[in-house]
Structures are given as structure tokens and as C-alpha cells.
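based on what follows, work out the 3D shape:
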Amino acid sequence: MSYIDTCDLVSELNDLEAEDGDGKDGLEAEEIERRDAIRELLEDIGSEDDDGVTLIPEDGFVEYAQELAEDIGAVEDFSAWPATCIDWQAAANDLATDYSTVEFDGESYYYQGG
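Coordinates of the predicted model:
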């Protein structure tokens, strides 16, 4: 699964802004669009500092919920009962109530914090 760490986006934004220099057409149109999209995203989620926020793709949130359950020790073996009986979609839906969503690069992402 491909998570996005906003620290990486801040770094990319800094690189684009450095490349732009004084803001006088130092970037290609595609780079300007990317810079503006990153700025908007960071503003939307309130993550312009060094703490970072992880963006989880909406289509991978069920897998994320399973990984989180294993990481916190709620489930130890996904190949054995009761893990094989868990409705992971329902678990992910419950988990999602603690997350916000944002659109970026044409995809929806879940995130916490910011």
C-alpha cells in the first residue's frame, strides 16, 4: 500500500519553491500545478510543520485497519480464527470515524491529526 507522508510533501514543496526562486516563471506549468496542489493539501489538513501526517489511500483503508489491529496486538494471526471471521470492512468503517478525508492527486485519503 502506498501511504503519503506529508513530511515528504513539505520537502517536495520546498524544492519546488527553491527552484522557482523569485517566483518569476522558474517552474513549468505542471510543476506550478503540483506546487499549488501541495500547498492546498497542507492548508486543508493543517500540516505545514515537521510533525507530518500520514495519508492512507481510501482504497487501502481496510488493509490499513488490519495492519493497525496487528500492530496494537488486537489480532495476532490473520490466518487463524477469530481473525478469519472478522468483517474487516466493518472494522475499517468503525475506524474511519476517527479519521478525516481529503482529496489529493485525484484520490481520496484518510488521515488523522494535522
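
now for the helix ranked longest in the chain, which elements pack on it?
Criterion DSSP state H: the longest helix present in the chain is helix 29-45. Here helix 29-45 touches helix 6-20, strand 100-104, going by 3 or more C-beta pairs under 8 Å, 6 or more residues apart in numbering; DSSP states H and E. Every C-beta, even on glycine, is put in place using the N, C-alpha and C of the backbone.

out of the ones you listed, which is closest to P57?
strand 100-104 (9.9 Å; C-beta to C-beta).

what lines up beside that closest one in the sheet?
strand 107-111 (antiparallel) (DSSP bridges).

name the residues of the helix or strand of the chain with the lowest mean pLDDT that come out as buried.
Using mean pLDDT, DSSP states H and E, the weakest-scoring helix or strand in the chain turns out to be helix 6-20, at a mean of 91. Going by neighbour count (16 or more other C-beta atoms under 10 Å), the buried part of helix 6-20 is 6, 9-10, 13, 16.

make CSV from the residues you listed and add distance to I32 to it.
CSV is the format used below for the buried residues of helix 6-20 (distance: C-beta to C-beta, whole Å):
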residue, distance to I32
T6, 20
L9, 16
V10, 17
L13, 12
L16, 8
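
mean confidence score for the longest helix of the chain?
What helix 29-45 shows for mean pLDDT is 93.

what's whichever helix or strand E63 is part of packed up against?
Assigned by DSSP states H and E, E63 falls within helix 61-71. In this structure, helix 61-71 packs against helix 88-96, with contacts taken as 3+ C-beta pairs under 8 Å, 6+ apart.

if you set the cut-off to 10 Å instead, what comes out?
With contacts defined as 3 or more C-beta pairs under 10 Å, 6 or more residues apart in numbering; DSSP states H and E, helix 61-71 has these neighbours: strand 54-57, helix 88-96, strand 107-111.

D44 is nearest to which of these?
Closest among the helices and strands packed on helix 61-71, using C-beta to C-beta: strand 107-111, at 9.8 Å.

what does the closest one contact?
2-4, 6, 41, 44-45, 47, 53-61, 64-65, 92, 95-96, 98-104 (C-beta atoms under 10 Å, 6 or more residues apart in numbering).
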